[in-house]
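K.L.:
kindly generate the corresponding structure for this input.
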Amino acid sequence: MRPDTQLRPFDQKEAPDYGGADHLFTVEMEHNGFFCGIGKRLQYASPTVSYIDYCNKDTWSLLWIEDILKQLGYAIDEKLHVYWCLPGKDISEGLVLIKSDADIVQMIKAADNHKTLCLMIDHSDFLKKLREDAIVNRGQQVPPVTCQNKNITRDVSAGEGASKSVEDDFVNFYKDFCQEEESEDSDDSDFVDSDFEVEEGDDDLFRDNVDTEVNDNNEAVQVQDLEDDDALEDADLNLRRERQEKLKYKFGTFNPQVDMDNPIFKVGMEFSDVNEFRAALNSYSVRNRKKINKTRNEKIRVNACCEEGCPWMIKASKNSMTGAFVVKGYEGKHTCESVWKLKTLTAPSLTQKFLDEFRDNMKMDLQTFANKVQREYNMCPDRWKLGRARKDALTIIHGDEAAQFNQLWDYGQELRRSNPGSKFFLTCNKVKVGDKTEDYLATLYWSYDALKRGFLRGCRPLICVDGCHIKTRYKGQLLTAVGIDPNDCIYPIAFGLVEVECPSSWEWFLTTLRDDLNITNTSPWTIISDKQKGLIKAVTKVFPDAEHRFCVRHLYQNFQKAGHKGEVLKNNLWAIARSTCVPKWQHNMDKMKAASQQAYEWVEELVPNTWIKAFFSDFSKCDMLLNNHFEVFNSYILQAREMVILSMPETIFYKLMLRVESKQAEAEKWPGTICPKIKKKLDKFNEWSAACMVKCAGNGLYHVESNEIEISYVVDLPGRCCDCKRWQLSGIPCHHAIACCRSSMTAPENLVHSCYSIKSYREAYGYNLTPLRGRAFWEKMNGVKVYPPLFTKVMGRPKKNRRKAPEEKMKNGAKHLTKHGVSMHCSICGNSDNNKKGHDKYIASVHVEQDETMQPEDEFFDDPSYIQVFFTLQFNATK
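P.N.:
Next up is the predicted model:
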């Protein structure tokens with residue numbers, strides 16, 4: 001018995017608790033019995049059961065089984081065979097003969113989920129003969145066997161004499177069993193006759209005349225064989241001994257798709273070429289943490305060994321007859337210690353191994369990647385190797401960044417083919433490089449026909465435009481036009497890619513967008529944007545009659561930079577922007593003037609209709625003050641912005657395709673006639689209406705008094721307007737109008753503008769995006785070769801996060817204001833050059849500087865008292 005295993009005593013019934021040791025398992029050895037019965041009645045009678053505990057999966061082999069047999073007192077001969085039963089199956093269908101390393105590997109895999117494996121010893125070669133008879137006599141009727149004595153007696157003793165007694169007893173039992181089977185089969189004669197019974201020899205006709213490799217569609221079926229192709233293990237399991245002698249030199253073939261992860265070498269194993277053998281050798285080295293040295297590494301011959309003193313070795317060379325690379329010599333035993341660092345664990349091997357992991361999580365950080373490698377190989381490579389592996393994996397997933405620029409022509413054609421009406425424009429700048437003139441990408445514009453149709457049919461005439469950075473090697477700016485759907489959610493319209501934001505790039509994008517949407521009259525339209533570089537001039541030029549609104553949040557940042565800080569001024573600025581009527585606006589302006597005259601003058605210089613609700617046009621039915629919809633979409637495509645030029649529009653396309661489908665499914669579940677977000681706003685106004693007192697004037701006119709700065713309003717229900725102007729701006733009845741609905745017993749939902757109806761929502765998302773074909777099916781346009789934009793590499797790590805304003809920074813879920821740039825003052829002297837802690841040192845240094853600048857006249861040095869006081873001051877200052 002091996003030193004790391006233990007034969008369990010007969011009085012101990014319970015198996016040991018292995019705890020977290022997944023590599024240990026127990027073997028249940030049933031011996032000193034005999035097999036009887038056939039088919040489902042197969043049994044192993046009168047066995048002696050022994051348990052061998054603490055078996056190790058890492059070292060389990062055929063030598064272990066031979067050692068256990070010798071320990072139990074059995075001599076290894078031709079009649080003795082060891083079978084193991086597949087876990088969860090009966091012995092009639094789960095017995096597997098153990099005769100090669102492939103069977104050992106199956107046992108090790110089964111031990112991962114089952115801690116006890118059952119082994120049975122066939123002392124009389126019963127099962128092998130039974131299976132040979134099943135093959136030779138297939139289709140023939142078994143002759144009847146007459147048994148004179150059905151009383152079977154067994155005298156089984158351990159040791160060498162057990163085999164003969166078991167064999168004799170089995171012969172008698174088998175004769176009785178066959179006779180009983182024959183008598184039972186004779187009762188089922190009614191089920192034998194049939195007009196469609198297959199006669200003997202029909203199998204040969206089917207095999208000779210039917211092509212099994214062709215299906216009903218007349219296409220060749222390609223089946224990928226992932227099983228072990230060792231002819232002596234599976235295919236020739238039940239062959240006779242003469243046939244096995246003929247197949248002695250039929251060796252197994254290495255299957256890289258199955259065996260490469262954990263190679264198991266054996267003499268005679270065939271590899272397709274020397275490169276496949278080298279890859280398998282490296283994989284074996286990494287998996288077992290052994291440093292394998294190639295003593296001879298040639299194209300036709302490879303010899304490798306382990307460290308000095310270790311007997312492990314392997315020799316392989318090219319077979320001149322078959323052309324395969326065959327293992328000629330192998331010794332698989334190691335006596336050396338495993339190592340923690342190997343050069344064979346390369347970045348390409350890590351890339352190939354964890355490629356699917358990066359497909360699932362393309363933002364995997366290096367620490368998570370290192371943890372996965374450590375769990376897989378029990379090794380941790382350095383950070384640089386992990387970084388190269390991750391970079392190569394992302395390159396395989398997204399493709400080469402520079403090469404994808406030349407595929408933009410093909411992508412545009414595929415987009416126009418699959419989604420007719422979609423636009424894809426590409427322009428280049430000709431740059432002279434040396435003696436050649438090359439085309440470098442300048443601008444890129446694309447839009448989807450389904451979204452354009454839905455925007456024009458179901459959305460309001462409102463467009464939010466803004467730009468964001470592309471977080472790739474070649475940088476750039478992604479310009480986007482976003483609308484608002486009937487449920488007040490984002491609705492992407494078009495996209496543009498430029499090198500930098502400037503007046504010309506914004507003018508190009510807005511002009512292309514206007515022509516793409518076929519806008520001829522710009523007066524009904526409203527544009528919302530930030531104060532981007534050159535954007536104001538571009539909007540004025542391209543959309544001359546449109547209303548241009550600014551985001552108040554960015555306006556507030558400029559307000560702060562002008563020196564107007566404080567919570568009071570901030571609240572007054574937002575109150576002015578939210579004023580829906582002129583009286584409220586004037587009231588809030590007076591409050592700003594009372595708080596700060598300088599802030600009032602700064603606000604008064606702004607154009608009112610760009611940021612104050614009271615001066616907005618009510619045609620667009622939108623009272624938005626922020627450009628948050630674009631910020632939402634900016635974060636929605638954040639992952640796509642980090643991808644290369646061709647993967648970015650593809651990712652955006654499929655995100656929008658899934659979004660349209662999900663919006664269609666949502667609309668089918670909504671009750672009522674208006675969208676859910678609009679219903680929530682209506683409920684909020686309904687609560688506010690409790691404070692409104694209504695007086696009816698007739699013909700749908702009402703006088704409403706509210707506690708809002710003592711202002712009364714006139715509401716016209718048939719005209720759908722209120723003096724507060726909130727109803728006209730948004731199209732949703734204000735709380736004054738809802739109070740009038742309460743008096744007239746009218747449902748407020750009937751007064752909501754039709755642009756918020758579920759019908760309009762379904763029209764906006766009534767067109768689907770057709771998926772694109774794979775890149776292999778794209779039509780080759782053979783356009784001019786497009787090079788990536790020229791860029792200058794900046795030192796340091798590329799920044800991917802936007803610089804946030806102080807009021808935007810969050811810490812623990814709350815706004816966090818830092819003291820960066822704030823001057824500290826001393827609480828004692830009030831100076832900004834020191835604080836309370838350094839006050840004494842500062843005062844002492846000031847005295848020293850004053851003393852050094854003093855230049856006493858010569859006559860004072862004659863007075864000893866002056867000299868004493870002078871040096872006393874210097875001494876105290878230096879303490």
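K.L.:
all strands of the stretch 51-200 of the chain, in order?
P.N.:
Remark: strands assigned in the stretch 51-200 of the chain by DSSP state E, counting those that start in this stretch are 81-85, 95-97, 116-122.
K.L.:
over to the stretch 201-350 of the chain?
P.N.:
270-271, 293-297, 301-305, 313-318, 325-331.
K.L.:
can you say which of the ones you listed is nearest to Ile68?
P.N.:
With Cβ to Cβ as the criterion, Ile68 lies closest to strand 325-331 of the strands of the stretch 201-350 of the chain, at 22.9 Å. (Each C-beta comes from the backbone N, C-alpha and C, glycine too.)
K.L.:
output the closest one as PDB, restricted to C-alpha atoms.
P.N.:
Extracted C-alpha coordinates of strand 325-331, given in PDB (Å, rounded to 0.1, in the frame of the first residue of the first chain):
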ATOM      1  CA  PHE A 325       4.900  13.900 -35.000                       C
ATOM      2  CA  VAL A 326       5.000  10.800 -32.700                       C
ATOM      3  CA  VAL A 327       6.100  10.400 -29.100                       C
ATOM      4  CA  LYS A 328       8.800   7.700 -29.200                       C
ATOM      5  CA  GLY A 329       9.800   7.700 -25.500                       C
ATOM      6  CA  TYR A 330       8.200   9.000 -22.400                       C
ATOM      7  CA  GLU A 331       8.800   8.800 -18.600                       C
END
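K.L.:
partner strands of that strand, with direction?
P.N.:
Sheet pairing for strand 325-331, assigned by DSSP bridges, gives strand 270-271 (antiparallel), strand 313-318 (antiparallel).
K.L.:
okay, those strands in JSON lines with distance to Ile536, mean pLDDT and mean neighbour count next?
P.N.:
As requested, the strands paired with strand 325-331 are exported to JSON lines (distance: least, Cβ to Cβ, whole Å; pLDDT from 0 to 100; neighbours: other Cβ atoms under 10 Å):
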{"stretch": "strand 270-271", "distance to Ile536": "69", "mean pLDDT": "92", "mean neighbour count": "21"}
{"stretch": "strand 313-318", "distance to Ile536": "74", "mean pLDDT": "93", "mean neighbour count": "20"}
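K.L.:
among the strands of the stretch 201-350 of the chain, which is nearest Leu625?
P.N.:
Of all those, strand 270-271 sits nearest to Leu625, with 70.2 Å by Cβ to Cβ.
K.L.:
identify the bridge partners of the closest residue to Leu97 other than its chain neighbours.
P.N.:
Distances taken as Cβ to Cβ, 6 or more residues apart in numbering put Tyr83 closest to Leu97, at 5.6 Å, once the chain neighbours are dropped. Beta-bridge partners for Tyr83, by DSSP bridges, are Leu97, Met120.
K.L.:
ok so, going back, may I see the strands paired with strand 325-331 arranged in TSV, with distance to Leu626 as well?
P.N.:
Shown next, in TSV, are the strands paired with strand 325-331 (distance: least, Cβ to Cβ, whole Å):
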stretch	distance to Leu626
strand 270-271	65
strand 313-318	70
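K.L.:
which of those sits closest to Asp360?
P.N.:
strand 270-271 (31.6 Å).
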